[in-house]
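In: attaching a predicted model along with its sequence, questions to come.
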Amino acid sequence: MVNVLVVGSGGREHALSWKLSQSSKVDTVFTAPGNGGTQNNVSINVDDLDGLADFAQKNNCFTVVGPEDPLAAGIVDKFNKLNLPIFGPSQKAAQLESSKIWAKNFMKRNEIPTARFEIFDDAQKAQEYVKSLDYNVVVKADGLAAGKGVIVCDSNDEALAAIQTILVKKTFGDAGNRIIIEERIDGVEASYIALSDGDVAIPMASSQDHKRIFDNDEGPNTGGMGAYSPTPIIDDDLAKIIQEQIIEKTILAMKNEGILFKGFLYAGIMIRDGKPYVLEYNVRMGDPECQPITMRMDFDLYDYFAASVDGRLSSLPPASWKSQFAVCVVLASKGYPESYSKNDEISGFDSIPKGSFVFHAGTKKSDGKIFSNGGRVLGVTALGDTLRSAIANAYSATQKITWSQKYYRRDIGKKGLSYL
């Protein structure tokens, strides 16, 4: 038996902790720092790499890293030097997410399909470039910006404003010291996540995130307002193309460049005219995609994490999945992704129907009560035999949860229905 330490405090980490606790090989799952819904919380922040390593060493922990920041900071390299088992990519491998410019150049030199782009650190030159274009663009901050550093533009004026926001006003701080201006590829977006040991990549169930704050994909980008799995947008033929031409090609190219990629490789895919393009890479499980994906897992997740670390994924069978659909509706605080209130008491957890589960994100527990403590607060996730029934079940469960500042989208999963 082994103990597991899950690093992070969001809905993804609650979902990973929940699934790992079901393993017959796992004794205790600790979460650092955790949230109001996770068990065995450890008050160590994700940026305290020394504290996390010390805890893992003293408690015989296999460590699983949820969010991107500690991966970009080199937590895996630190643990490896101490011979502590840890699931996730190295700091060099994490550049696929920590630097969008590094990732775009990597895709370009390895002929991985992506939108054409240019890189700028000078606002005036960037604005002159935009004015010369006859197509719409997406403006991206180079560094980590909690999923919010991407501005999709509908006009030249919006692109010029985005350049001002990132490069001049420094809305995303040093993450916006350089920007990418890339062609806007209009199509259907989906998430494709695989689990790799550096040689082999086992696909996870397909999913689709809903990034914008308002219904019908309107308003600014967020960390994600809901997701569902599987998505009918990625059929078997398209999944094969993505797996071979993007995921496996990425793993091999990284290896050829001297970087062994271990962990979750997430490709944000835009599908146009049946062809997939990589919008961006993430080097960890998506959030909120993790919630419906873990609900559908029909295998011992710890086995696959351990095999990833040890380089023996090829010895395991393909991941197996429940045939049901799963839908996650994120309940946020009104005002997110801008300013929002905290410390609002939340009720209704005891009324959640069977087949649904509430994953906590921005919550805290005090005197046995749950309070809001972030922008994305809860991920209400439900199974259903069809996508339509899973959507209905998830929204039925959301009605049980109440607090004064609750906000959520009412169209999660809807876009998938048109493909069925």
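Out: Nice, I can see it.
In: below-threshold pLDDT in the stretch 101-250 of the chain: ranges please.
Out: 147 (pLDDT under 70).
In: now the helices for the protein?
Out: According to DSSP state H, the chain carries its helices in the segments 11-20, 49-58, 68-72, 75-81, 95-98, 100-109, 123-131, 156-163, 236-242, 248-256, 290-296, 301-310, 387-398, 414-417.
In: how about Phe172, phi and psi?
Out: The phi/psi pair for Phe172 (degrees, to the nearest 10) reads phi -110, psi 20.
In: I should have written Gly66 there, sorry.
Out: Torsion angles, degrees, to the nearest 10, at Gly66: phi -90, psi -60.
In: and it, how far is that from Ile179?
Out: 27 Å (C-beta to C-beta, to the nearest Å). Where C-beta positions appear, they are placed from N, C-alpha and C, glycine not excepted.
In: repeat that for Leu133.
Out: 15 Å.
In: the more surrounded of those two?
Out: A direct count of neighbours by other C-beta atoms under 10 Å for Leu133 and Ile179 places Ile179 higher, at 28 against 13.
In: in contact with that one, which residues are there?
Out: Ile119, Phe120, Asp121, Ala126, Val139, Lys140, Ala141, Asp142, Ile163, Ile166, Leu167 (C-beta atoms under 8 Å, 6 or more residues apart in numbering).
In: my guess is the last one contacts Asp121. True?
Out: Yes: Leu167 is in contact with Asp121 according to C-beta atoms under 8 Å; the separation is 7.4 Å.
In: what sits in contact with each of the two?
Out: Asn177, Ile179.
In: more neighbours, those two?
Out: Counted by other C-beta under 10 Å, Leu167 and Asp121 do not tie: Leu167 has more neighbours, with 23 against 13.
In: leaving out sequence neighbours, find the closest residue to the more buried one.
Out: In this structure, Leu167 finds its nearest non-sequential neighbour in Ala123, 4.4 Å apart by C-beta to C-beta, 6 or more residues apart in numbering.
In: run through the bridge partners of the residue nearest to Glu118 when sequence neighbours are not counted.
Out: In space, and not counting its chain neighbours, Glu118 is closest to Ile181: 5.4 Å by C-beta to C-beta, 6+ apart. Under the criterion DSSP bridges, Ile181 forms beta bridges with Glu118, Val139.
In: and for Ile181, the neighbour number?
Out: Using other C-beta under 10 Å, Ile181 has 23 neighbouring residues.
In: identify the residues contacting it.
Out: 117-120, 126, 129-130, 137-140, 159, 163.
In: try it again with 6 Å
Out: Glu118, Val137, Val139 (C-beta atoms under 6 Å, 6 or more residues apart in numbering).
In: between those, which is nearest Asp236?
Out: Closest approach to Asp236 among these (C-beta to C-beta): Val137, at 33.0 Å.
In: and the closest one, what does it touch?
Out: Cys153, Ala159, Ile181, Arg184.
In: top of the residues you listed by neighbour count?
Out: Of those, with other C-beta under 10 Å as the count, Ala159 tops at 25 neighbours.
In: give me the nearest residue to that residue, chain neighbours excluded.
Out: Cys153 (4.2 Å).
In: just the pLDDT for the spatially closest residue to Ile75 that is not a sequence neighbour.
Out: Leaving out its chain neighbours, the residue that sits closest to Ile75 by C-beta to C-beta, 6+ apart is Leu49, at 5.2 Å. pLDDT, Leu49: 98.
In: flag the shaky bits of the stretch 301-420 of the chain, pLDDT-wise.
Out: In the stretch 301-420 of the chain there are no weaker segments when pLDDT under 70 is taken as the threshold.
In: how about the strands in it?
Out: 325-333, 345-346, 356-360, 363-366, 369-372, 376-384, 406-407 (DSSP state E, counting those that start in this stretch).
In: ok now the fifth one, how far from the chain's centre?
Out: Pointing back at strand 369-372 there. 24 Å (C-alpha atoms, centre = their mean, to the nearest Å).
In: ok, Ala94 - contacts?
Out: Leu71, Ala72, Val283 are the contacts of Ala94 under C-beta under 6 Å, 6+ apart.
In: now Gly11
Out: Asp287, Pro288, Gln291, Phe359, Ala361, Gly379.
In: count of neighbours near the first one?
Out: To tie it back to what came earlier, the one meant is Asp287. Around Asp287 there are 30 residues (other C-beta under 10 Å).
In: repeat that for the third one.
Out: Using other C-beta under 10 Å, the number of residues around Gln291 comes to 35.
In: got the contact list for the spatially closest residue to Tyr281 that is not a sequence neighbour?
Out: Nearest non-adjacent residue to Tyr281, counting by C-beta to C-beta, 6+ apart: Leu96, 4.1 Å away. Leu96 makes contact with Ala103, Tyr281, Val283, according to C-beta under 6 Å, 6+ apart.
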